[in-house]
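In: got a predicted model here, sequence first, then my questions.
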Amino acid sequence: MNEKKVLLTMRHINKTFPGVKALSDVNITLRAGEIHALMGENGAGKSTLIKVLTGVEEMDSGEIYMDGINHPIINRSPQEAQAIGISTVYQEINLCPNLSVAENIFIGREPKKFGRIDWKTMNKKAAELLNNLNINIDVTKPLSDYSIAIQQMVAIARAVDISSKVLILDEPTSSLDEQEVEKLFFVMRRLKESGIGIIFVTHFLEQVYKISDRITVLRNGCLVGEYETEKLPSVDLVELMIGKEIEDLAKLSKEESKDEDDSKKEIVINARGLGHTGTINPFDLKIHKGEVIGLSGLLGSGRSEVARVIYGADKPDQGELYFKEKKLQINTPLDAMKAGMAYLPENRKDEGIFEDLSVRDNIIIALQAKQGIFKVIGRKEQEDLADKIIELLQIKTSGKDMPIRQLSGGNQQKVILGRWLLTNPDFLILDEPTRGIDVGTKTEIQKLVLKFAEEGKTILFISSEIDEMLRVCNKISVLKDRKMVSELKGDQLTQSHIMKAIAGGDTGDE
Amino acid sequence: MNKIKRLWKRITGFYLFFPLVCLAIVLVVNLVRTPDFFKISMNNGVLYGYVIDILNRASELIILAVGMTLVVAASGGTDISVGAVSAVAGAVCIYSLIGGASGDVYRIPYVAAIILGILAGALCGVFNGFLVAKLHIQPMVATLILFTAGRGIAQVLTQGFILYVRKESFKYLGNFLPGIPIPTPIFIATIVVLLTVLLVKKTALGLYIQSVGVNRNAARLVGLNSSLIIFLAYVFSGFCAGVAGMIITSRVYSIDANNAGLNIELDAILAVAIGGNSLGGGKFSLAGSVIGAITIQALTTSLYAMKVTADQLPVYKAVVVIIIVAIQSPVVKRWMKNIGHKISANVNGKKVAA
């Protein structure tokens, strides 16, 4: 394998974002006809590395060499990258859904005849291209008629046809089902045989072992190492990705979860047949006081939707919700807040922060909304509250009157957490609280979650990282296809059990 | 050295810096061209002078700009119906007062007619607010309806005539109260501004409006009723248009449905922008909008003072507006910042050399 031609090398890549060192001294080497998996937890620097390579972000220092070009290259835009043979297919597909498949493949470089588009040739060529990848579809139909998987492969076909040396697939499988993944892998193998080098970014361990030849692991912006897939057992890979420092935290949560006795504890949340048409099928859920309950499942499985229905972000249209044994009619989030709930939404930028407002405003807004328009929190009190939260959660900011957008992601998340702490909730819903934030802050937030639980708060915790769930949750409910499929606790709380439940969903109680 | 840099930074960083600079430029140019620009004299027991005139004439604009500021902040859109709405309010006021023909006999008390007029404005705001907040129609499109239909409604009430109120007391609101040397509109504008400031600062409304304007989704999730807040902003803008309509009709003691408040909505939007407010919504400054409104009126008045005729006015005004907007553009702001760096660097360099 080693004698294969080297296509692309990135050497000593450094990149700093305000407040975070995103990449420090990272190297990666891609050979022709190789599928190279890029692994790491969220925030490890995978996407930054890809962005630097494709010219979306500019690197601070480092060198990129490409086969056939005898000087270091710097890509300033994805177009420049494409021109020298590097194409990317993202998780969200950047194509035009209402144009035909053929148009999507050839847009901007349509075959012409007498100055007009030669539709016949275009359609024929498009069909041929897709045939090569073993996809037989009608290329004259609009792209949106086809599944996400097919759309993705159309995107790949387009990318490969434009420039075919290096193909980057950024989390291509996260919204695909198993059969679709198989199809995609078939396409990837085809491309590999034709000598293309593929960088494959994913979270799914099994897929890495199924398809990749080599693995590069990043952690916390640093290179951990490059390994041949065959010689690296998956347990070691997970350890490389997570690192050792988290282990004592894992022990901490495990010890606590032992002394649990459900029947004696107060039931905080009791949902009976609660549901919202179109987003989540009716489900039952019981959460006891002081518990940290996790919701696990693939993207789109309905885990966020469960949280939204309980909080009233989506008004439930069926079933009943009992909060501390009292029936609760929730029409708006304010009703849930008044009952004692708090909700940290999945999408921090779109639903969490008020970008242009100060850290102080962002901290007090929920409390102010809860108190109503006439009970104004005075300036002095606002500042005291903001100081208290900044101190308590160790928020790094150059001042409480700074616009929150100037803070790093982790600190923004802490501000939102602080916002809810001020309302003194009994029940906290945390949807992906650690997504896209640096490892240090991540650990801090996980510790905070455990601390809140110790203080008697009840927590619903959602994360796509299973090992993080294992660290903080007492119980995990698994969702699949908008249904709750199983509940795991005690000894069942292992990576493999959860994986099985997520993948199969048929652990007996369907 | 660092002191200069910090001072410069503090001055240019002050949120009203650019609006004030613009106003100052207009005033200084005036002073050069018209030396007695700041002269104020007493004549027949009332104050005269360009400055008084500017403040007087700017009153409607200030009132409309205040309402517009809240609309822009909460919804990230503009209410282009305010000019037509003020004509509706004026028509309702005068129609209920004297009926369908000019005259001097009041059918209902004067105060009641004013209240009806302002209510009519607020009602138009309710309509706009319903379209924008509840039906999620684009603000520009939603308010376009009353922008065009409003003058029609006013025409229906006046039956196409210009209705005059031939009574001295009707002129008080838009001119002078007996025995008081300062024009009444200045008082009204001051009251509206003060009331709005109280409303925004003494309740949580200001924070709510900013939150909804910055991020409507997040506002909903922290328990705010985003739709209601946007709705109220439009109602308030309609109310302001009603008040402005009262002043406009009283100034000329008549209602001309075609011309009352014509094109004033554009000046109101401009006032908000010149005041340093983002038209994308979110954070807002009432003081900025007030300064913006005064700047626009100062510009108009001073152009008249320089013997520019009414039909040439738009051209000159456009030129100045381009300059003002350019000064506030992000690019120029960045230049200013760099100048600050250079100044301190120069001072530094000299010190080292010395």
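Out: Right, received. Where do you want to start?
In: and the residue positioned nearest the centre of chain B, what does it touch?
Out: The centre of chain B sits closest to residue B:65, judged by C-alpha atoms, centre = their mean, with a distance of 2.4 Å. Residue B:65 sits next to B:268, B:271, B:272, B:275, B:289, B:290, B:292, B:293 when contact means C-beta atoms under 8 Å, 6 or more residues apart in numbering or on different chains. (C-beta placed from N, C-alpha, C; glycine too.)
In: just those residues now: which is nearest residue B:18?
Out: Distance to residue B:18 across these (C-beta to C-beta) is lowest for residue B:275, with 9.2 Å.
In: just checking, that closest one touches residue B:18?
Out: No - with contacts counted by C-beta atoms under 8 Å, residue B:275 stays clear of residue B:18, the gap being 9.2 Å.
In: out of the two, which sits in the more crowded spot?
Out: Legend: neighbour count by other C-beta atoms under 10 Å in any protein chain shown for residue B:275 and residue B:18, higher for residue B:275 (28 against 22).
In: pLDDT score assigned to that one?
Out: Among the per-residue scores, residue B:275 holds a pLDDT of 89.
In: for it, give me its contacts.
Out: B:19, B:65, B:69, B:285, B:287, B:288, B:289, B:290, B:291, B:292, B:293.
In: go with 6 Å
Out: Residues counted as contacts of residue B:275 (C-beta atoms under 6 Å, 6 or more residues apart in numbering or on different chains) are B:19, B:288, B:289, B:291, B:292.
In: and residue B:229, how far from residue B:219?
Out: Relative to residue B:219, residue B:229 is positioned 8 Å away (C-beta to C-beta, to the nearest Å).
In: neighbour count: the two, which is higher?
Out: Comparing residue B:229 with residue B:219 by other C-beta under 10 Å, the one with more neighbours is residue B:219, at 26 against 23.
In: what about the host helix or strand of the more buried one, average pLDDT?
Out: Per DSSP states H and E, residue B:219 falls inside helix B:216-221. Averaged across helix B:216-221, pLDDT comes to 94.
In: how about the residues of chain B by chain A?
Out: B:203-205, B:211, B:214-215, B:217-218, B:221-224, B:282-283 (C-beta under 6 Å from any C-beta of the partner chain).
In: now the helices for the stretch 351-500 of chain A?
Out: A:359-371, A:379-393, A:409-422, A:439-454, A:466-472, A:495-503 (DSSP state H, counting those that start in this stretch).
In: nope, the stretch 151-300 of chain A is what I was after
Out: Going by DSSP H, counting those that start in this stretch, the stretch 151-300 of chain A shows helices at A:178-193, A:205-211, A:234-242, A:247-258.
In: before we move on, back to that, and the two most separated of the residues of chain B next to chain A?
Out: The most widely separated members of the residues of chain B next to chain A, counting by C-beta to C-beta, are B:203 and B:217 (23.1 Å).
In: which stretches of chain B form strands?
Out: Counting by DSSP state E, chain B has strands at residues B:41-43, B:46-48, B:163-164, B:254-255.
In: can you check which residues contact both of residue B:229 and residue B:219?
Out: Listed contacts common to residue B:229 and residue B:219 are residue B:212; contacts here mean C-beta under 6 Å, 6+ apart.
In: endpoint to endpoint, stretch B:104-116 covers what distance?
Out: This stretch, stretch B:104-116, spans 19 Å end to end (C-alpha to C-alpha, to the nearest Å).
In: centre of the chain to it, how far?
Out: When distances are taken as C-alpha atoms, centre = their mean, to the nearest Å, stretch B:104-116 is centred 26 Å away from the chain's centroid.
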